[in-house]
Each structure stands twice: as C-alpha cells, then as structure tokens.
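In: Provided below for reference: sequence and predicted model.
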Amino acid sequence: MKNKRADTLEDAVDQVQDGATVLVAGFGEPGVPEFLIDGVCDRGVRGLTVVSNNAGTGRSGLARLLGEGCISKLICTFPWAKESFVFKELYDAGKIELEIVPQGTLAERMRTAGAGLGGFLTPTAVGTDLAEGKPVHNIDGRDYVLELPLRADIALVKAYKVDPRGNLIFHKAARNFNPIMAMAADYTIVEAAEEVALGALDPEVIVTAGVFVDRYYITGPYAIGKEKQ
C-alpha cells in the first residue's frame, strides 16, 4: 500500500510549484485548509492561479497567500466580502487578476472535471458580461451557456478523519467544496484532524475515496469554537 502520509508540513506541500493552478477549499471559515495554505506560503511560490469560493478573510488562510504575493490570478464567486480587504487592496492597485464565476457554476465546473466530462450547459449568466465569448446553445427555446471543466494541478483539502488509504470524512459544514476539489486536481493534498486505522471508517460514510488523495498531513484538532474541527 502506498504511503500517503507526510510527516512534515514541508513534505506535504512539496509538489506545489510556481505557476500552478490550485484549488483551495472552504466556505467562509469552515473547511479552509489553513495549515496547508501556511505551508504553501512558507515555500515562497509565485504566480499561482487560485480557485476558491471567496477571496479570504482577515490576514490568515487565503488572505495570507494573497498578502505575501503568491497569487497572480484569483477565480472565485465572492471577492468583495467585508473581510476580504487584502484582496481589495491588491485588486485596486492592479496587482492581481480576477475571474468571477457564479457559485453553482464554479462547483459544477469542478465536478465535471472530476467526472471526466467535457462541460455542461447552464442558463446562469446568459446575456451578462460573464457569458461574453462563450458558446450559447438554444434548447427548446431557452438559451444556455457552455461552461468548460475547471481542473487544477493541485487541490488543498481539509478533512476531519483520514485512514492510511486516504479515505476521508468531513466535519459538518466544513465539507462544502472539499469533496469536489479533491476530484478535480491532478494532485490532492489533505490536512486532517485525525488519522484512524484502516477499516475504522464505515464505507457507507466515506465521502471522498482514497483514490483521489495523493498526500495527507495530520494537524490534530483545531479549536472547536472557531469551527475548525
């Protein structure tokens, strides 16, 4: 059985290189792989294209990646949250490129990538600037935009429990984008609060199969009060 466990944070993120496209999970604060993000920051990589639901909060997590100049382009749904002041400063200064994608479209683009599909048709964004340059198909009198799969080099994922094969379960709302991002990258890196023995996870409750996980790092439990379990 392949050893997927990284003993150090440095080893866990050693596949993240300059110019990579990186999926970063999380919805607000829950489910954000903050240890892995810190590890990527510490590597000092540059020119990343990062895909995330938002543009980070405060100065930690994704906001730290932004503030330290690791990201050149951000693909996300909600870049203008009050807490995303680091991104706003960079964007206003013309130091970062932004691509806005509707939330459901963002999720489905990654899901189709993970499923090996060639894209999908959606009525979302028809007739708006977000559909500019994209093929539009009329089906039964309704227009649909063709959206292409969104695949990445790396996915940074946060899980609750992992077994030695890389099978994952998640903690409540922290599940959010994590499962589809794990499927949509060439190399998936996981931080997990707890490692359990092989066979300890009921196959009926496993959310992400280990076949999608390349590396995992054990963080121990976060502070529950901060929804980081």
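Out: Nice, thanks for sending it over. Worth saying up front: this structure is predicted, and the values here are computed from it rather than measured.

In: for this structure, which spans come out with low pLDDT?
Out: Low-confidence segments of the chain (pLDDT under 70): 223-229.

In: how about a cut-off of 50?
Out: Within the chain, the ranges that satisfy pLDDT under 50 run 224-229.

In: Ramachandran angles for the residue sitting nearest the centre point of it?
Out: In the chain, the C-alpha nearest the mean C-alpha coordinate belongs to V24, at 2.6 Å (C-alpha atoms, centre = their mean). Here is the backbone geometry of V24 (degrees, to the nearest 10): phi -120, psi 110.

In: what's near enough to touch it?
Out: Counting by C-beta atoms under 8 Å, 6 or more residues apart in numbering, V24 touches V32, P33, I37, V50, V51, S52, L62, L65, L156, M181. Bear in mind the C-beta positions are built from the backbone N, C-alpha and C, glycine included.

In: One more pass at 10 Å, please.
Out: Applying C-beta atoms under 10 Å, 6 or more residues apart in numbering to V24 gives the contacts 32-33, 36-37, 40, 48, 50-54, 56, 61-62, 65, 71, 74, 76, 152, 154-158, 177, 181.

In: Show me just the buried residues among these.
Out: Burial by neighbour count, 16 or more other C-beta atoms under 10 Å: within the contacts of V24 this picks out 32-33, 36-37, 40, 48, 50-54, 56, 61-62, 65, 71, 74, 76, 152, 154-158, 177, 181.

In: Please list the members of the residues you listed that lie in strands.
Out: Per DSSP state E, strands hold the following members of those: L48, V50, V51, I71, L74, C76, A152, I154, A155, L156, V157, K158.

In: biggest helix in the chain, by residue count?
Out: Ranked by number of residues, the top helix in the chain under DSSP state H is helix 103-115.

In: For this structure, which segments are assigned as strands?
Out: For the chain, the strands defined by DSSP E occupy 21-24, 48-51, 71-76, 97-100, 120-122, 136-139, 142-147, 152-162, 168-169, 185-195, 215-218.

In: Let me have the ones you listed in TSV, extended by distance to L201.
Out: Below are those laid out as TSV (distance: least, C-beta to C-beta, whole Å):
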stretch	distance to L201
strand 21-24	23
strand 48-51	28
strand 71-76	31
strand 97-100	36
strand 120-122	31
strand 136-139	42
strand 142-147	34
strand 152-162	7
strand 168-169	6
strand 185-195	11
strand 215-218	13
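
In: Can you check which of those strands gets nearest to L9?
Out: L9 lies closest to strand 215-218 among those, at 6.0 Å (C-beta to C-beta).

In: closest to T124 among the ones in strands among the buried ones among the contacts of V24?
Out: Among these, C76 lies closest to T124 (C-beta to C-beta), at 15.6 Å.

In: So what sits opposite the closest one in the bridge?
Out: Taking DSSP bridges, one obtains I100 as the residues bridged to C76.

In: okay but it is in contact with T105, surely?
Out: No: at 11.7 Å, C76 does not count as touching T105 under the criterion of C-beta atoms under 10 Å.

In: ok now stretch 161-178, how far from the chain's centre?
Out: 13 Å (C-alpha atoms, centre = their mean, to the nearest Å).

In: Same question for stretch 164-183.
Out: Relative to the mean C-alpha coordinate of its chain, stretch 164-183 is positioned 11 Å out (C-alpha atoms, centre = their mean).
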